[in-house]
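*Asks:* Return a 3D structure for these sequence lines:
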Amino acid sequence: MQKDFEKADFNKTVGPSIGKTYKMMSIFICDQFLKNDIQVTKEQWIVLKILHEQNKSICQNELAFITNRNKTTLTRLINVMEKNQLVERLTSKKDARKKLILITAKGEKLFLKMKPIMFQIMNIFQKGISNQEMETFIKITNQIQNNIKNQSL
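*Replies:* Next up is the predicted model:
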(Lines give C-alpha, C1' and ligand atoms only; values in the text may rest on other atoms or scores of the structure.)
Protein backbone atom coordinates (compact mmCIF):
# COMPACT_ATOMS: atom_id res chain seq x y z
CA MET A 1 0.00 0.00 0.00
CA GLN A 2 1.20 3.51 -0.71
CA LYS A 3 2.85 5.43 2.11
CA ASP A 4 1.50 8.79 0.96
CA PHE A 5 -2.05 8.64 2.27
CA GLU A 6 -2.93 12.00 0.74
CA LYS A 7 -2.59 10.52 -2.76
CA ALA A 8 -3.72 6.97 -1.94
CA ASP A 9 -6.86 5.68 -3.65
CA PHE A 10 -8.93 3.79 -1.08
CA ASN A 11 -10.96 2.26 -3.92
CA LYS A 12 -7.86 0.33 -4.99
CA THR A 13 -7.68 -1.57 -1.70
CA VAL A 14 -9.21 -4.93 -0.80
CA GLY A 15 -11.91 -3.54 1.53
CA PRO A 16 -14.22 -1.88 -0.99
CA SER A 17 -13.73 -4.66 -3.54
CA ILE A 18 -14.52 -7.46 -1.09
CA GLY A 19 -17.39 -5.47 0.45
CA LYS A 20 -19.06 -4.72 -2.88
CA THR A 21 -18.56 -8.31 -4.09
CA TYR A 22 -20.02 -9.73 -0.87
CA LYS A 23 -23.07 -7.45 -1.14
CA MET A 24 -23.63 -8.37 -4.80
CA MET A 25 -23.29 -12.08 -4.03
CA SER A 26 -25.74 -11.84 -1.12
CA ILE A 27 -28.35 -10.07 -3.25
CA PHE A 28 -27.89 -12.58 -6.08
CA ILE A 29 -28.30 -15.56 -3.73
CA CYS A 30 -31.44 -14.02 -2.24
CA ASP A 31 -32.88 -13.40 -5.72
CA GLN A 32 -32.15 -16.98 -6.79
CA PHE A 33 -33.85 -18.35 -3.67
CA LEU A 34 -36.93 -16.24 -4.40
CA LYS A 35 -36.97 -17.34 -8.07
CA ASN A 36 -36.98 -20.95 -6.86
CA ASP A 37 -39.74 -20.25 -4.31
CA ILE A 38 -37.41 -20.82 -1.36
CA GLN A 39 -38.29 -18.70 1.66
CA VAL A 40 -34.94 -18.94 3.40
CA THR A 41 -32.24 -16.34 3.97
CA LYS A 42 -28.59 -16.86 3.13
CA GLU A 43 -27.87 -16.98 6.87
CA GLN A 44 -30.47 -19.73 7.34
CA TRP A 45 -28.91 -21.64 4.42
CA ILE A 46 -25.54 -21.51 6.19
CA VAL A 47 -27.03 -22.92 9.41
CA LEU A 48 -28.83 -25.69 7.49
CA LYS A 49 -25.60 -26.52 5.63
CA ILE A 50 -23.60 -26.80 8.86
CA LEU A 51 -26.26 -28.92 10.57
CA HIS A 52 -26.56 -31.18 7.50
CA GLU A 53 -22.78 -31.66 7.34
CA GLN A 54 -22.51 -32.35 11.09
CA ASN A 55 -25.24 -35.00 10.79
CA LYS A 56 -25.86 -34.60 14.53
CA SER A 57 -26.97 -31.96 16.97
CA ILE A 58 -24.59 -29.09 17.64
CA CYS A 59 -24.34 -26.85 20.67
CA GLN A 60 -25.84 -23.41 20.03
CA ASN A 61 -22.70 -21.67 21.32
CA GLU A 62 -20.53 -23.73 18.97
CA LEU A 63 -22.86 -22.88 16.08
CA ALA A 64 -22.49 -19.18 16.94
CA PHE A 65 -18.71 -19.57 16.81
CA ILE A 66 -18.74 -21.52 13.51
CA THR A 67 -21.07 -19.02 11.82
CA ASN A 68 -19.18 -16.05 13.29
CA ARG A 69 -22.37 -14.66 14.84
CA ASN A 70 -22.95 -13.37 18.32
CA LYS A 71 -25.22 -15.42 20.56
CA THR A 72 -28.12 -12.95 20.41
CA THR A 73 -28.17 -12.79 16.61
CA LEU A 74 -27.93 -16.55 16.30
CA THR A 75 -30.70 -17.05 18.87
CA ARG A 76 -33.05 -14.86 16.81
CA LEU A 77 -32.10 -16.77 13.66
CA ILE A 78 -32.68 -20.13 15.36
CA ASN A 79 -36.01 -18.91 16.76
CA VAL A 80 -37.26 -18.14 13.24
CA MET A 81 -35.95 -21.43 11.88
CA GLU A 82 -37.53 -23.33 14.77
CA LYS A 83 -40.86 -21.57 14.15
CA ASN A 84 -40.61 -22.65 10.49
CA GLN A 85 -39.82 -26.22 11.65
CA LEU A 86 -36.40 -26.26 9.94
CA VAL A 87 -34.49 -26.90 13.16
CA GLU A 88 -35.23 -28.23 16.59
CA ARG A 89 -33.76 -26.93 19.83
CA LEU A 90 -33.09 -29.53 22.53
CA THR A 91 -31.69 -29.27 26.04
CA SER A 92 -28.42 -31.12 26.53
CA LYS A 93 -28.71 -34.21 28.72
CA LYS A 94 -25.18 -33.58 30.02
CA ASP A 95 -25.66 -29.88 30.81
CA ALA A 96 -29.17 -28.39 31.08
CA ARG A 97 -27.74 -24.91 30.40
CA LYS A 98 -26.64 -25.95 26.89
CA LYS A 99 -29.02 -25.90 23.96
CA LEU A 100 -28.46 -28.31 21.09
CA ILE A 101 -29.62 -27.50 17.57
CA LEU A 102 -30.70 -30.27 15.23
CA ILE A 103 -31.91 -30.10 11.63
CA THR A 104 -35.45 -31.44 11.19
CA ALA A 105 -36.70 -33.66 8.36
CA LYS A 106 -38.30 -30.56 6.83
CA GLY A 107 -35.01 -28.65 7.15
CA GLU A 108 -33.09 -31.56 5.60
CA LYS A 109 -35.52 -31.75 2.68
CA LEU A 110 -35.24 -28.01 2.08
CA PHE A 111 -31.44 -28.14 2.30
CA LEU A 112 -31.30 -30.92 -0.30
CA LYS A 113 -33.56 -28.83 -2.57
CA MET A 114 -31.30 -25.80 -2.13
CA LYS A 115 -27.95 -27.57 -2.52
CA PRO A 116 -27.98 -27.87 -6.35
CA ILE A 117 -29.17 -24.28 -6.61
CA MET A 118 -26.21 -23.14 -4.51
CA PHE A 119 -23.83 -25.14 -6.72
CA GLN A 120 -25.32 -23.39 -9.78
CA ILE A 121 -24.84 -20.04 -8.06
CA MET A 122 -21.22 -20.85 -7.21
CA ASN A 123 -20.63 -21.87 -10.85
CA ILE A 124 -21.98 -18.48 -11.94
CA PHE A 125 -19.72 -16.70 -9.44
CA GLN A 126 -16.64 -18.66 -10.56
CA LYS A 127 -17.28 -18.54 -14.32
CA GLY A 128 -14.11 -17.68 -16.23
CA ILE A 129 -11.89 -18.23 -13.20
CA SER A 130 -9.34 -21.03 -13.53
CA ASN A 131 -8.64 -23.56 -10.78
CA GLN A 132 -5.24 -21.95 -10.24
CA GLU A 133 -6.84 -18.50 -9.93
CA MET A 134 -9.36 -19.93 -7.41
CA GLU A 135 -6.52 -21.41 -5.36
CA THR A 136 -4.73 -18.06 -5.41
CA PHE A 137 -7.93 -16.19 -4.48
CA ILE A 138 -8.62 -18.51 -1.55
CA LYS A 139 -4.99 -18.25 -0.43
CA ILE A 140 -5.19 -14.44 -0.55
CA THR A 141 -8.50 -14.21 1.31
CA ASN A 142 -7.20 -16.66 3.94
CA GLN A 143 -4.12 -14.45 4.36
CA ILE A 144 -6.35 -11.38 4.82
CA GLN A 145 -8.36 -13.29 7.44
CA ASN A 146 -5.14 -14.31 9.23
CA ASN A 147 -3.86 -10.73 9.11
CA ILE A 148 -7.07 -9.58 10.81
CA LYS A 149 -6.96 -12.38 13.42
CA ASN A 150 -3.35 -11.53 14.26
CA GLN A 151 -4.09 -7.87 14.96
CA SER A 152 -5.10 -6.58 18.35
CA LEU A 153 -6.98 -3.34 18.07
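
*Asks:* quick one: L34 and K42, what's the gap?
*Replies:* 12 Å (C-beta to C-beta, to the nearest Å). The C-beta positions use only the backbone N, C-alpha and C, and glycine is treated the same way.

*Asks:* Looking at those two, which is more packed in?
*Replies:* K42 (14 against 11; other C-beta atoms under 10 Å).

*Asks:* ok, now which ones touch that one?
*Replies:* 26, 29-30, 33 (C-beta atoms under 8 Å, 6 or more residues apart in numbering).

*Asks:* So what's the residue count around W45?
*Replies:* W45: 20 neighbours (other C-beta under 10 Å).

*Asks:* Give me the nearest residue to it, chain neighbours excluded.
*Replies:* Leaving aside its chain neighbours, W45 sits nearest to M114 (6.1 Å; criterion: C-beta to C-beta, 6 or more residues apart in numbering).

*Asks:* That neighbour contacts I29, doesn't it?
*Replies:* No: with contact defined as C-beta atoms under 8 Å, M114 does not reach I29; the gap is 10.0 Å.

*Asks:* the more surrounded of the two?
*Replies:* More neighbours surround M114 than the other of M114 and I29, with 21 against 18 (other C-beta under 10 Å).

*Asks:* measure the more buried one to T72 for me?
*Replies:* Taking C-beta to C-beta, one finds M114 at 26 Å from T72.

*Asks:* so which of the contacts of K42 is the most crowded?
*Replies:* F33 (20 neighbours).

*Asks:* now for the worst-scoring helix or strand of the chain on mean pLDDT, which elements pack on it?
*Replies:* Of the helices and strands making up the chain, the lowest-confidence element is helix 60-66, at a mean of 89, by mean pLDDT, DSSP states H and E. Using 3 or more C-beta pairs under 8 Å, 6 or more residues apart in numbering; DSSP states H and E as the contact test, the elements touching helix 60-66 are helix 42-54, helix 71-83, strand 99-103.

*Asks:* Kindly recompute the last result at 6 Å.
*Replies:* Judged by 3 or more C-beta pairs under 6 Å, 6 or more residues apart in numbering; DSSP states H and E, helix 60-66 is in contact with strand 99-103.
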